[in-house]
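S.K.: Need the 3D shape of this:
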Amino acid sequence: MQPGDAILLALGGVGAGLTGSMAGLASLASYPALLAVGLPPIAANVTNTVALLSNTVGTAVGARQELRGHRRRLVRLSAVAAVGGLAGAVLLLATPSEAFERIVPVLIALGAALLLLRDPLRRWAGHRSMSPPLLGAAVFLIGVYGGYFGAAAGVLMLAVLSVAATEPLPVTNAVKSIALGASNLAAAVIYALVAPVDWPAAAFLGVGCLLGSWLGPALVRRTPERPLRAAIALAALGLAGYLWWRAGD
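M.R.: Presented below is the predicted three-dimensional model:
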């Protein structure tokens, strides 16, 4: 691997850690970085899933204050999300690569749209409650999506958890990150055994993710999110358009 590629991946990892913990869209920073250094879409996706495990570690360390007292809830949500992540990994490996290249731009565009609509989603969530079975089903489906690709999985999980519980945003954000980490871990085990993971790329990206996700919880307590979310959404829409054009070329 060239030094420039390693630096790009590390910086992409920092961006992924920050956007993952602040906006729920880590893959919108990490996945393009892997494509930029030459990985094909499937290899980039499975490598991304492995690298993002460090996001969970960084968030767990950086958000200890928010996670305190939520152990039982985290275990329950993480178990359901992990089963979903396994299903998502199997789905990805059973899907033709051409189909994956077609669906990724749609998923990225969905992530951008959901990011822009997050405030209306929160306002909607503030007036409704969710039953435990419905919450479990939603977390499972988001886990499937997270194991398959994951862009916007954080936004989806944040919206669902906001419906299920009334609590400060930093708490919901931290719980979301741990639950999605369980989905990533389950999928990563499968990918490590049978998928084309680029381990050097995963290592450089993971180091950056660890740093970014450690800083993210502290920043989310203090930093206005709207300009960051708008910038990420616009970049994501541009990336979705480019990938859609490339897939059809």
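
S.K.: Quick check: what element follows the helix or strand of the chain with the lowest mean pLDDT along the chain?
M.R.: Lowest on mean pLDDT, DSSP states H and E among the helices and strands of the chain sits helix 118-125, with a mean of 67. Counting by DSSP states H and E, the next helix or strand C-terminal to helix 118-125 is helix 132-148.

S.K.: and that following helix, C-alpha only, in PDB?
M.R.: Taking C-alpha atoms only, helix 132-148 is exported to PDB below (Å, rounded to 0.1, in the frame of the first residue of the first chain):
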ATOM      1  CA  PRO A 132     -41.100  -3.900  22.800                       C
ATOM      2  CA  PRO A 133     -41.900  -6.500  20.000                       C
ATOM      3  CA  LEU A 134     -42.100  -3.700  17.400                       C
ATOM      4  CA  LEU A 135     -38.800  -2.300  18.700                       C
ATOM      5  CA  GLY A 136     -37.200  -5.700  18.400                       C
ATOM      6  CA  ALA A 137     -38.400  -6.200  14.900                       C
ATOM      7  CA  ALA A 138     -37.100  -2.700  13.900                       C
ATOM      8  CA  VAL A 139     -33.700  -3.300  15.500                       C
ATOM      9  CA  PHE A 140     -33.400  -6.600  13.700                       C
ATOM     10  CA  LEU A 141     -34.200  -5.200  10.300                       C
ATOM     11  CA  ILE A 142     -31.700  -2.300  10.800                       C
ATOM     12  CA  GLY A 143     -29.200  -4.900  11.900                       C
ATOM     13  CA  VAL A 144     -29.800  -6.800   8.600                       C
ATOM     14  CA  TYR A 145     -29.200  -3.500   6.700                       C
ATOM     15  CA  GLY A 146     -26.100  -2.700   8.800                       C
ATOM     16  CA  GLY A 147     -24.600  -6.100   8.100                       C
ATOM     17  CA  TYR A 148     -25.400  -5.700   4.400                       C
END
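
S.K.: mean confidence for that helix?
M.R.: For helix 132-148, the mean per-residue pLDDT is 90.

S.K.: Show me what it is in contact with.
M.R.: Residues outside helix 132-148 that contact it (CB atoms under 8 Å, 6 or more residues apart in numbering): 49, 77, 80-89, 91-92, 130, 153, 156-157, 160, 163-164, 179-180, 182-184, 186-187. Every C-beta, even on glycine, is put in place using the N, C-alpha and C of the backbone.

S.K.: The lengthiest helix in the chain - contacts with which helices or strands?
M.R.: In the chain, with assignment by DSSP state H, the single longest helix is helix 169-194. Secondary-structure packing of helix 169-194 (3 or more CB pairs under 8 Å, 6 or more residues apart in numbering; DSSP states H and E): helix 3-23, helix 41-51, helix 53-62, helix 64-67, helix 71-94, helix 132-148, helix 153-164, helix 199-220.

S.K.: And the ones you listed: which comes nearest Pro120?
M.R.: Pro120 lies closest to helix 153-164 among these, at 10.0 Å (CB to CB).
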